[in-house]
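Asker: model the following, please.
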Amino acid sequence: MHRSLIDRFFRQLALACIPLAMLPTVALAAKAAPRIWQEPHTGMPFVALPKGCFQMGSAVSAKGAMDGSLYQFRYGPGADEQPRHEVCIDAFLIGQFEVRANDWVKVMGENPPGGNGPEPAGGISYDAAQEFARRLTQMSEGKYRFRLPTEGEWEYACRAGQKKEAMPFDNDHVDVAWYSVSGHRVLKPNAVGALKPNAWGLHDMLGNVWEWVEDGYRHDAYSRHALYNPVVKEARDGQRVIRGASHRSDFIQVRCAKRAFYPASDALGQIGLRLVRQP
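Answerer: Numbers count the residues shown, from 1 in each chain. I've put the predicted structure just below:
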C-alpha cells in the first residue's frame, strides 16, 4: 500500500518537472501574436484567423438576463439572436481595423461621407461598401478577393474564442470600445486602433461605427443557418445586417451577439465597414 502511494507521488513529481517547451501549445496559442498580412495598395492589415466552430447567438430570451444574472433589462438580447446554435467557419483573413477614411480615398479616389485620416470611413451604404470591396479586388489583378464578412464570420472574429458573453453593464467595455456610457456621450468616431484589441488582435470590433456584413436581414435567420459557413442571401425589404454597435450606442448594444439592420441603399454616419480577404 505504502509502495503504491510512493510510486504515485514520484510519477506526479516527474510530470510537474516536464520542461515548459515540451508541454502542449494549444493553451499558449491564444496569446501568440496575430499573423498579419498587409494589403499592398492601401496598407490595410489583415489578421489570419483559423477555422473553427463556435456557439452563435444569445443563450437567453429578450426578457431574461445572461448567465444567470438577476439584473433585468427592458431591452437586450432580441429574439432574432436565437436560437443559439453551432456554426463552423473556414479559415479567412479579416481587417485588423475598420476601413479608415484614408483607405477609402486610396481605393475610391474621393473622401468618404464621414471620417478623416485614421478615423473609420462613415456614412457608407451597403451598396457603397460592396463597390469598395469590388474595386480593391480589381486592384489586386485577380490575386485576391475582398468582400464583407458574413454574419457568422463577423461574430466568430468578435468572440475570438470566448465561449460565453455576459450582459455588459455601463462601462464594462471602455478599454476596448468607443460607446456612450452614463453621463458621457461619445460625439464622433475615433481613430481606429486607439483602444485594446480583442484576444485575436482585432481592434474596434465593438463600438466606434456599426459594420456592414454580407447577410440580408431575416428575423428567423438562425433557424435557417447551415452548420458550415452560413450566409443569408435574401434581404427582407432590402434590409442588410449591421454589427458591432457604434460610438452613439449605449452599453446594452455593445455585444458580439447583437444584430441590427439598415436599408442597403441608405447611408448613416455611424455605419462603416471591415473587409475579409479570402485565402
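
Asker: just give the closest residue to W210, not the sequence neighbours.
Answerer: Spatial nearest neighbour of W210, chain neighbours left out: I242 (4.1 Å); criterion: C-beta to C-beta, 6 or more residues apart in numbering. From N, CA and C alone the C-beta is placed, and that goes for glycine too.

Asker: residues in contact with the one you found?
Answerer: Neighbouring residues of I242 by C-beta atoms under 8 Å, 6 or more residues apart in numbering: W210, E211, W212, V213, A260, F261, Y262, I271.

Asker: my guess is the second one is in a helix, correct?
Answerer: Read that as E211. No: under DSSP: H, G, I helix; E, B strand; the rest coil, E211 falls outside any helix and is assigned strand.

Asker: what's the local residue count around it?
Answerer: Residues lying near E211 (other C-beta atoms under 10 Å) number 29.

Asker: distance of it from K163?
Answerer: 23 Å (C-beta to C-beta, to the nearest Å).

Asker: check the fourth one too.
Answerer: Using C-beta to C-beta, one obtains 22 Å as the distance from V213 to K163.

Asker: looking at those two, which one has more neighbours?
Answerer: Taking V213 and K163 together and counting by other C-beta under 10 Å, V213 has the greater number of neighbours (28 against 7).

Asker: who's in contact with that one?
Answerer: By C-beta under 8 Å, 6+ apart, V213 lies in contact with L148, P149, T150, E151, E153, W154, R240, V241, I242, R243.

Asker: give me the pLDDT value at the fifth one.
Answerer: Note on E153: pLDDT of 98.

Asker: that one contacts A91, correct?
Answerer: No: at 10.4 Å, E153 does not count as touching A91 under the criterion of C-beta atoms under 8 Å.

Asker: who has more neighbours, the two?
Answerer: Per other C-beta under 10 Å, whichever of E153 and A91 has more neighbours is E153, with 24 against 11.

Asker: tell me which helix or strand the more buried one sits in.
Answerer: According to DSSP states H and E, E153 maps onto helix 151-159.

Asker: helix or strand: which one has F97?
Answerer: Counting by DSSP H and E, no helix or strand carries F97.

Asker: ok so, going back, from the contacts of I242, which single one is nearest G193?
Answerer: Distance to G193, by C-beta to C-beta, is smallest for E211 among these, at 14.9 Å.

Asker: contacts only, for that closest one.
Answerer: E211 is in contact with E98, W154, I242, R243, G244, I271, G272, L273, R274, counting by C-beta under 8 Å, 6+ apart.

Asker: pLDDT at it, what is it?
Answerer: Value for E211, per-residue pLDDT: 98.

Asker: quick check: which ranges of the stretch 101-250 of the chain have low pLDDT?
Answerer: Residue ranges of the stretch 101-250 of the chain with pLDDT under 70: 166-172, 182-184.
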